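Trainee: Model the structure of this input:
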Amino acid sequence: MTVDVLGHSTVRLNLGRPSYFISTPQAHRIHHSVDPKHYDANFGNTFMLWDHLFGTFYYDPANPPTAYGVNEGIPVGFVKQQALPFLWIAKGASAGISRVLSHLRRPASGVRLGY
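Mentor: So this is what the prediction gives:
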């Protein structure tokens, strides 16, 4: 958890070459950049090992991202953002229940019970 908090901080932590292996705030900020060349990059919160293995590592200290964020579907405000995952869960559960109920209401065509 401590490393995750550090990775999401606004602290400048210049480790030089280790920044290619340890997820520093500068390296992880690329993950949150709105620049399309940074999409799907730098998922690591502690180490960048998986990013190197899967080809998702990107780091250019000379050209850091200038804008961050999520462009769609995220509400403004702390309380709304904290409630959002619960709304997503509720919508998913509601859709799942609707699918189950629709299957229960349909007549079983061509199915015979062996009584």
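Trainee: quick one: the helices in this protein?
Mentor: Here the chain has its helices, by DSSP state H, at 2-7, 25-29, 49-54, 78-105.
Trainee: most neighbours per residue, which of the ones you listed?
Mentor: Among the helices of the chain, helix 25-29 has the highest mean neighbour count (mean count of other CB atoms under 10 Å), at a mean of 20. In short, each C-beta sits where N, CA and C put it, glycine included.
Trainee: Remind me what it packs against, helices and strands.
Mentor: The criterion is 3 or more CB pairs under 8 Å, 6 or more residues apart in numbering; DSSP states H and E, and the helices and strands that helix 25-29 contacts are helix 2-7.
Trainee: pLDDT averaged over the helix it packs on - what is it?
Mentor: Throughout helix 2-7, pLDDT has a mean value of 65.
Trainee: can you list the domain ranges for the protein.
Mentor: 2-54, 73-110 (automatic domain parsing).
Trainee: could the helices of the chain go into a markdown table alongside distance to Tyr68?
Mentor: A markdown table is the format used below for the helices of the chain (distance: least, CB to CB, whole Å):
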| stretch | distance to Tyr68 |
| --- | --- |
| helix 2-7 | 13 |
| helix 25-29 | 7 |
| helix 49-54 | 18 |
| helix 78-105 | 14 |
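Trainee: can you give me phi and psi for the residue nearest the centre of the chain?
Mentor: In the chain, the residue lying closest to the centroid (CA atoms, centre = their mean) is Phe43, at 8.2 Å. Dihedral pair for Phe43: phi -80, psi -20, per degrees, to the nearest 10.
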